[in-house]
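[1] Next comes the sequence, and after it the predicted model I'd like to discuss.
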Amino acid sequence: MQPSIEFLTPEESAEVDAALLTSKDKFSTRLAIYSLRCLNQIAAETGLTMEEIPAEQVKTWIKKDESLKQNLDIDANFENFFTRLVIASLSPLKQVAQESAMPLQDLTVQQVVKWFEKKGKID
């Protein structure tokens, strides 16, 4: 049974659910996809690259994100925790971009899922 908290669109969730991944890797994949969308939108609003976005701006985004507010009781501890998770997701996203030979901001959900599937087969 899937948790009721969804950070992804139904289509994105279905794609992750269909992937041959462990529960841990599905969580990491979902987080990376959410982070990619979040960082892309912050970059578009600020003119910064995804790599330049400071943690404080991510935290502000998390505070405003309606999909989180609807499903969670967000407090300062959660904001700090989730901000660190989003920033940490940059590492695998950069790897996906490098292996795909494309800019970070142009990555697709499919590329992220396939990268995690490939990584899961190696581990």
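    Yep, that arrived.

[2] tell me the contacts of residue 46?
    53, 57 (C-beta atoms under 8 Å, 6 or more residues apart in numbering). Backbone N, C-alpha and C define where each C-beta goes, glycine included.

[3] What score does the residue nearest to residue 116 when sequence neighbours are not counted have for pLDDT?
    Leaving aside its sequence neighbours, residue 116 sits nearest to residue 29 (C-beta to C-beta, 6 or more residues apart in numbering; 4.4 Å). If you check residue 29, the pLDDT there is 95.

[4] Residue 29 sits in which helix or strand?
    helix 23-46 (DSSP states H and E).

[5] Also residue 117?
    helix 109-122.

[6] which residues touch that helix?
    The contact list for helix 109-122 (C-beta under 8 Å, 6+ apart) reads 12, 15-16, 19-22, 25, 28-29, 32-33, 36, 92-93, 95-96, 99-100.

[7] still on that earlier bit, what is the orientation angle of the helix or strand following the helix holding residue 29 with helix 23-46?
    Toward the C-terminal end, the helix or strand that comes next after helix 23-46 (DSSP H and E) is helix 55-64. Counting by axes from the mean of the first three to the mean of the last three C-alpha atoms, to 10 degrees, helix 55-64 lies at 100 degrees to helix 23-46.
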